[in-house]
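Novice: Structure here, sequence nowhere to be found:
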């Protein structure tokens, strides 16, 4: 049974400072990209004349939002990372069936990576169909199954380079209990060895 002290310890385990330090420690120098706490809506903003680094802005200080936005960045190619929100469209809540199907197709791979990141952190994953105000029926279970199949495929075939480095660092920090600096160093080793070896 989880008492209040244990619950507080579990919540303290996943801090925004730690996730930002892990991400920035691995990617800030080599990709000029930082993880930023935002307001209501997440956004990817490429570097410009005012800000010399790319920003992955996650919503409302939610840990899960940070992992989700990082997963999008890990998939985006070099050209996409030069465009605001990677150049993708976003239809807000209230999507019709066709728009919802397009949304879910675009979200399978990022949410599969998010699932793997969440597992590496020792947290629970929840798929997001993100259409609370829509008038179309959403089959959450079918979408979750698609996400899990994609996650299994990533595990079988291997993760994209940046996702692999980040997932390794998350695992080192949260599962192995290594110090933050050590987890970052291991993530960097994965990133650089794979790029250069």
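Specialist: Ah, there it is. Note that the structure is a prediction, hence the values are computed from the model and not measured.
Novice: Quick one: residues contacting residue 188.
Specialist: 25, 26, 165 (Cβ atoms under 8 Å, 6 or more residues apart in numbering). Glycine gets a C-beta too; all of them are placed from N, C-alpha and C.
Novice: Same check on residue 118?
Specialist: 64, 67, 124, 125.
Novice: same deal with residue 151?
Specialist: 112, 113, 115, 116.
Novice: Can you classify the closest residue in space to residue 138 that isn't next to it in sequence as helix, strand or coil?
Specialist: Closest residue to residue 138 apart from its sequence neighbours, by Cβ to Cβ, 6 or more residues apart in numbering: residue 129 at 4.7 Å. The three-state label for residue 129, taken from DSSP: H, G, I helix; E, B strand; the rest coil, comes out as coil.
Novice: Counting neighbours, what do you get for residue 129?
Specialist: 18 (other Cβ atoms under 10 Å).
Novice: Run through the residues that contact it.
Specialist: Counted by Cβ under 8 Å, 6+ apart, residue 129 has contacts 100, 103, 104, 138, 140, 143.
Novice: again, 10 Å this time
Specialist: 95, 100, 103, 104, 107, 111, 138, 139, 140, 142, 143, 144 (Cβ atoms under 10 Å, 6 or more residues apart in numbering).
Novice: Make a ChimeraX selection of the buried ones in these.
Specialist: Written as a ChimeraX command, the selection of buried residues from the contacts of residue 129, which uses 16 or more other Cβ atoms under 10 Å, is:
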select :95,100,103,104,107,111,138,143,144
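Novice: For the chain, give me the ranges with low pLDDT.
Specialist: 1-12, 90-94, 131-136, 194-197 (pLDDT under 70).
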